[in-house]
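Participant: This is a predicted model, with the sequence first.
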Amino acid sequence: MGIEFGTGGWRAIIGDGFTRANVQLLTAALAQKMKDENGAERGFMIGYDRRFLSREATCWAAEVMAGAGIRCMVIDREAPTPLVMFSVKYYDLPYGMAVTASHNPAIYNGIKVFTKGGRDADELVTRDIEKYIAKMKDREIPVVPYEEGVRTGWILPIDPMNPYVDSIIRAVNMDAIRSCNLKVVLDPMYGVSKTALQTILITARCDVDVIHERRDALFGGRLPAPNEKTLAGLQNFVEEHHCDIGIATDGDADRLGIIDDCGEFVHPNKILVLLYYYLLKYKGWHGAAVRNIATTHLLDAIADDFGERCYEVPVGFKYISGKMAETGAVIGGESSGGLTVRGHIQGKDGIYAATLLVEMMATTGRRISELYQEITEKYGTFEMEERNYKFSSGEKERIMKILMQDKGLPEFEQEVERVSYADGCKVYFKDGGWVIGRFSGTEPLLRIFCEMSTLEEARAVTGRMEKFLELKHR
């Protein structure tokens with residue numbers, strides 16, 4: 001199976017596409033790219049999460065870098081992806097990688113590549129890596145055994161957790177949090193966020209409990225994605241122990257999910273909206289927001305109210321971080337739970353986002369449910385329906401032909417303002433609502449997102465798309 005990058009790096013089923021040979025081939029291609037760009041002497045960074053074979057794959061990759069004569073720093077502990085991104089920036093390296101498949105099912109693993117400053121590799125970089133892979137496919141790849149690499153200094157085990165945690169502590173109002181005695185429960189979802197988040201929150205004198213903290217490469221039989229279906233255990237804990245907030249992170253801790261003080265799941269759209277509103281109104285920041293094409297337009301309403309702008313980009317955090325760097329935006333994020341804030345790393349960080357939410361509660365003295373009510377009273381309600389559909393290869397071709405080639409659409413009750421085919425098919429209605437159908441870049445799924453002023457209306461519009469495309473909801 002070939003190596004192809006999607007919206008969140010390269011991901012493949014373990015033992016099928018994710019193999020030692022492919023990990024070595026990808027790493028060798030990146031090593032050659034670094035040499036051709038005269039960046040090899042500056043070194044490389046690798047980190048890994050708790051997935052099956054992540055540690056082993058890190059060793060395979062480090063051995064290839066050492067074999068190519070490139071000094072390779074290895075984070076010598078299970079590491080959140082944002083820690084790896086931070087470390088690429090902190091050590092001023094041209095490239096780095098995280099061995100992770102993020103929120104994908106346990107049968108997957110993969111590699112995310114980062115560029116200078118700790119940013120997600122954009123499409124130009126990943127396409128270039130794919131070209132190098134094609135050229136090197138049949139070449140012999142020299143390696144230096146891991147222990148020999150450590151002994152000779154080509155492989156350097158490091159632990160940058162303290163600088164990363166300190167950078168977050170410096171960025172938030174710890175005094176405000178200390179004064180509130182907040183009761184917090186963390187759910188790392190058997191992933192890698194516990195050490196960093198627990199350290200930060202205990203330093204801020206929060207009362208912290210943790211569930212699902214041990215290593216389990218099967219993630220307790222659940223998808224390691226913090227959504228309404230997977231966070232029932234966290235929801236129960238918040239309700240039973242009267243916590244102020246429940247915080248969950250996905251498998252590699254770049255996304256987060258929240259259970260509020262009422263025991264309700266807080267959709268990632270709402271988290272983005274809350275933080276943007278908080279940064280503008282309560283902290284006095286100025287700047288735009290950036291969201292992907294399938295994320296709430298409530299951000300647009302807030303930006304407009306404060307004389308700012310909200311930029312829309314394709315799905316893939318590399319587009320968000322790129323537009324943020326270009327515009328100096330305050331916040332950027334997506335409806336799947338990833339976001340970043342100006343001044344931190346230029347990539348998703350569920351640990352920093354969670355800490356900022358706790359600061360928001362402490363500084364305003366208001367609960368999440370109260371703050372969101374303030375926002376909806378001012379800007380109105382924006383309700384989203386999301387549905388996923390599995391398909392065969394033949395079905396994908398059929399759906400692609402209808403949506404993208406024939407440009408077919410159902411008969412909507414709402415008046416259509418315009419249609420965009422920049423990333424899937426997005427229909428914008430004149431009343432401000434919208435619906436999009438697009439294929440996932442990380443899983444074999446078609447996703448439909450619809451946002452309207454009421455949930456009933458959003459479900460009705462989604463149902464029309466579903467019926468028109470002859471889909472069966474998963």
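Facilitator: Structure received. Numbers count the residues shown, from 1 in each chain.
Participant: So what's the residue count around the closest residue to C425 other than its chain neighbours?
Facilitator: Closest residue to C425 apart from its sequence neighbours, by CB to CB, 6 or more residues apart in numbering: L403 at 4.4 Å. Any C-beta I mention is one placed from the backbone N, CA and C, and that applies to glycine too. Applying other CB atoms under 10 Å, we find 21 residues neighbouring L403.
Participant: try the one 10 residues further on
Facilitator: Neighbouring residues of E413 were enumerated by other CB under 10 Å; the total is 9.
Participant: same check, this time on K378
Facilitator: Neighbour tally, K378, other CB under 10 Å: 11.
Participant: Now do the strands in the stretch 201-350 of the chain.
Facilitator: 207-210, 245-249, 256-259, 265-266, 289-292, 310-313, 331-333, 339-341 (DSSP state E, counting those that start in this stretch).
Participant: sorry, back to before: just list the residues touching the residue nearest to C425, thanks.
Facilitator: Contact analysis of L403 by CB atoms under 8 Å, 6 or more residues apart in numbering lists 424-425, 437, 469.
Participant: S102 versus D187, what's the distance?
Facilitator: To S102, D187 is 16 Å away according to CB to CB, to the nearest Å.
Participant: next one: E78
Facilitator: From E78 across to S102, the span is 14 Å (CB to CB).
Participant: The two: which has the busier surroundings?
Facilitator: Ranked by neighbour count (other CB under 10 Å), E78 and S102 place S102 first, with 27 against 19.
Participant: Surely the more buried one touches G441?
Facilitator: No: applying CB atoms under 8 Å as the test, S102 and G441 come out as separate, 11.8 Å apart.
Participant: what do those two both touch?
Facilitator: G8.
Participant: looking at this structure, which helix or strand does the model trust least?
Facilitator: When each helix and strand of the chain is scored by mean pLDDT, DSSP states H and E, helix 393-400 comes last, with a mean of 85.
Participant: one step back: give me whichever of the strands of the stretch 201-350 of the chain is most buried.
Facilitator: strand 331-333 (a mean of 31; mean count of other CB atoms under 10 Å).
Participant: Indicate each strand paired with that one and its parallel or antiparallel sense.
Facilitator: Applying DSSP bridges, strand 331-333 is found paired with strand 289-292 (parallel), strand 339-341 (antiparallel).
Participant: List of residues touching the longest one?
Facilitator: By CB under 8 Å, 6+ apart, the list of residues contacting strand 289-292 from outside reads 272, 276, 299-300, 302-303, 308-316, 319-320, 323-324, 327, 329-335, 423.
Participant: Alpha carbons of that strand, as PDB, please.
Facilitator: Only the C-alpha atoms of strand 289-292 are listed here, as PDB (Å, rounded to 0.1, in the frame of the first residue of the first chain):
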ATOM      1  CA  ALA A 289     -10.900  34.400  13.600                       C
ATOM      2  CA  VAL A 290     -10.200  31.500  11.200                       C
ATOM      3  CA  ARG A 291     -12.400  28.500  10.800                       C
ATOM      4  CA  ASN A 292     -12.700  25.700   8.300                       C
END
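Participant: Could you point out the longest helix of the protein?
Facilitator: Identified as the longest helix of the chain according to DSSP state H is helix 20-36.
Participant: Quick check: G39 vs P142, distance?
Facilitator: For G39, the distance to P142 - CB to CB - is 19 Å.
Participant: can you pull the buried residues of stretch 6-13?
Facilitator: By 16 or more other CB atoms under 10 Å, the buried positions in stretch 6-13 come out as 7-13.
Participant: Let me know the secondary structure of A12.
Facilitator: strand (DSSP: H, G, I helix; E, B strand; the rest coil).
Participant: Thanks again, I'm all set now.
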